[in-house]
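Visitor: I'd like to go over a predicted model; first the sequence, then the structure.
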Amino acid sequence: MKTREAVCWWGGAGVIAALVVASQLWSLPDAAARISSLSPQGIWHRTAPVELAPWEKDFFGRANVVKQVAVVQRERFVLTVIDGSRNRQAVHDPEFCFRGAGWTVEERSDVIMDAGRARLLRLRQGATTAEALFWFSNGEEAFAQPARYWLAATWRRLTFGASGAEPVLVLLTSLDATPPQWPSVLRHWPELSRL
């Protein structure tokens, strides 16, 4: 009986290991088409590309990253979209990133948008304050839980893409002393929520 259990256990472990290796080698479609479909100018918004810093290029590696200064009506912010299809480590919980950069998260709250929920962070670094709004999107639904992103991205790799589109991280960070009115930004640029 113990030999049979060992064979089943090792056989199951071998199948899982083979799936993990295959998922790493299998080239899945990325979210580049969704990201590039984001219009640089519209009735209510306009954007200008921002060159990634050398450390950002190194960190993001093969990930598809778009970084832009955006203006929606008079509200200015930095828009960063990260598709981790080609580099899983490029997408992470933005709270960790801000803490690592020396910011303190003073408050967090959820923001309802057309496609789901986003997370609003109120940040402080010394006397400087800022806000960041982020969510993960698979093109149909938006959610703010990093664990859900990791689960969806991992499941997608294990199912060779059959479970759906690659989720991307969408991050909006304030530029000015007075942060944008985020609901107004999302209302006037609705494509953002379904990126």
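Guide: Nice, I can see it. Note that this is a predicted model, so its numbers are computed, not measured. Residues are numbered from 1 along each chain as shown.

Visitor: Now do the helices in the chain.
Guide: Per DSSP state H, the chain carries helices over the ranges 2-25, 32-36, 54-60, 94-100, 146-158, 182-188.

Visitor: State the mean pLDDT of the shortest one.
Guide: Which is helix 32-36. Averaged across helix 32-36, pLDDT comes to 87.

Visitor: From the chain's centroid, how far away is that helix?
Guide: Centroid displacement of helix 32-36 relative to its chain, using Cα atoms, centre = their mean, to the nearest Å, is 13 Å.

Visitor: just the fifth one next, same as before
Guide: The chain centroid and the centroid of helix 146-158 are separated by 12 Å, computed with Cα atoms, centre = their mean.

Visitor: Return the set of buried residues in that helix.
Guide: Within helix 146-158, the residues scored as buried using 16 or more other Cβ atoms under 10 Å are 146, 149, 150, 152, 153, 156, 157. The C-beta positions use only the backbone N, C-alpha and C, and glycine is treated the same way.

Visitor: OK, contacts around the most centrally placed residue in the chain?
Guide: By Cα atoms, centre = their mean, the chain has its centre lying nearest to residue 169, at 1.0 Å. By Cβ atoms under 8 Å, 6 or more residues apart in numbering, residue 169 lies in contact with 80, 81, 82, 84, 91, 94, 134, 135, 136, 149.

Visitor: count of residues packed around the first one?
Guide: Residue neighbour count, defined by other Cβ atoms under 10 Å, stands at 21 for residue 80.

Visitor: try the third one
Guide: Per other Cβ under 10 Å, the neighbour tally for residue 82 reads 22.

Visitor: which residues does the closest residue to it other than its chain neighbours form a beta bridge with?
Guide: Excluding the flanking residues, the one nearest residue 82 by Cβ to Cβ, 6 or more residues apart in numbering is residue 169, at 4.5 Å. On the basis of DSSP bridges, residue 169 is bridged to residue 82, residue 136.

Visitor: related to what we said a few turns ago, can you lay out the contacts of residue 169 as TSV showing distance to residue 187 and pLDDT?
Guide: Output for the contacts of residue 169, formatted as TSV (distance: Cβ to Cβ, whole Å; pLDDT from 0 to 100):
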residue	distance to residue 187	pLDDT
80	21	97
81	19	97
82	24	96
84	28	90
91	26	91
94	22	95
134	18	98
135	15	97
136	20	96
149	25	92
